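> Sequence first, predicted model second:
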Amino acid sequence: MPCIPLDADVPVKPAFFERDPIKIQLLDEFKTALRTKHTVDTFRSERELVKKFAAALKHGVDSSHVDVTTRERQIDLLKADANAWNEWRSGTALRRGAEERLDLAGIDLRGAALEGADLSGALLAHADLSGADLSKADLRRADLSGARLVGADLSYSLLEEANLTEANLTRTLLSNALLRRTNLTFARMIETDLRGAHVQDCHVFGVAAWSINSQDASQSGLIISSAHEATVTVDDIEFAQLNYLVMRSGRAREFINILHSRTVLVWGVSRRSASSFSTSSRARSAATIRCRSYSISSGRWHGT
């Protein structure tokens, strides 16, 4: 939204006075048109400007149709002050009695400071949020399909029932975030930080998970099957693709027998010495595949 700051206390030099009556009339008509189409107000500080900007937005979104101008004003407010943005969203929801469906699809918010921003239910499909600070942000039920979140900070964020289909989460910080019933189908998770995160009942079919840090993360009920297959779940996102391939190949029993009967050596080289250790309990537990009311473990079928 264009904003022209004017200081009424600054005197106008006589040399700049307009004396042509025709031009004066045109100038008066122009001023009238400006006041009709725009909000005219005064402010004494940047903070006061932001507050009045938020108030103007509250008044301007009462129509059911959100035009381009309103969208641009929303984006300006979001970039300017997350607290003022949250105040506007809270007031809008109270008056409307329902959550606004914000259309911010394709928005460029690279490196934006959005800590604690209320973006619940927002349409952010194909948005670029690379390097943005979205820590403690409310992204519940938000549509982030195809969004770019490379290197973004989403620690302690709420992503319950969010749509992250085909989202790029490379090196994204998701520590202590809540991902419950989140759609991660075909998401790209390379060097993603999930330390202390709660990942439950999420769709992870086709997810590309490489070098994830999931220390102290709580994972359960991750659905590795597609929407057209019987529901199959695992409890570790890093083993989702492996378990799915084994299940589809029909060699699940053979694979699990290998895990239990052979020692897998993993060599770790450090400054002091090299060490080896056998297959971790995490890998063994990940070899358990649940399908409807049955599970495969140690090469045998068990009813549950």
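Perfect, I can see it now.
> okay, CA-based contacts and neighbour counts for the rest of this
Noted.
> separation between the nearest residue in space to residue 157 that is not next to it in sequence and residue 246?
Spatial nearest neighbour of residue 157, chain neighbours left out: residue 136 (4.2 Å); criterion: Cα to Cα, 6 or more residues apart in numbering. Using Cα to Cα, to the nearest Å, one obtains 37 Å as the distance from residue 136 to residue 246.
> cool, residue 138 as well?
The gap separating residue 138 from residue 246 is 37 Å, by Cα to Cα.
> Over to residue 194?
Counting by Cα to Cα, the gap from residue 194 to residue 246 is 25 Å.
> Please say which of these two ends up with more neighbours.
residue 194 (23 against 17; other Cα atoms under 10 Å).
> right, and that one touches residue 213 too?
Yes: using Cα atoms under 8 Å, residue 194 is in contact with residue 213, at 5.6 Å.
> how about the helices of the stretch 51-200 of the chain, start to end?
68-80, 82-96 (DSSP state H, counting those that start in this stretch).
> Relative to residue 104, which of those is closest?
helix 68-80 (7.6 Å; Cα to Cα).
> Compute the number of surrounding residues for residue 226.
14.
> Chain neighbours aside, what residue packs nearest to it?
Of all residues not flanking residue 226 in the chain, residue 205 sits nearest, at 5.8 Å (Cα to Cα, 6+ apart).
> Distance check, residue 190 against residue 150.
10 Å.
> which neighbours do those two share?
Jointly contacting residue 190 and residue 150 under the rule Cα atoms under 8 Å, 6 or more residues apart in numbering are 169-171.
> Strands - which of these land there?
Using DSSP state E, no member of the shared contacts of residue 190 and residue 150 falls within strands.
> out of those residues, who has the most neighbours?
Ranking these using other Cα under 10 Å puts residue 169 first, with 26 neighbours.
> Does that residue touch residue 154 like I think?
No: in this structure, residue 169 is not within contact of residue 154 by Cα under 8 Å, at 10.2 Å.
> May I see the buried residues of stretch 231-243?
232-241, 243 (16 or more other Cα atoms under 10 Å).
> Farthest-apart pair in these, please.
Farthest pair in the buried residues of stretch 231-243, by Cα to Cα: 232 and 238, 15.2 Å.
> hang on, isn't residue 176 packed against residue 213?
No: taking Cα under 8 Å as the definition, residue 176 is not a contact partner of residue 213, at 12.0 Å.
> Next, show the common contact partners of the two.
Taking Cα under 8 Å, 6+ apart as the criterion, residue 176 and residue 213 both touch 194-195.
> of these two, who's got more company?
Set residue 176 next to residue 213 and count neighbours by other Cα under 10 Å: residue 176 wins out with 23 against 19.
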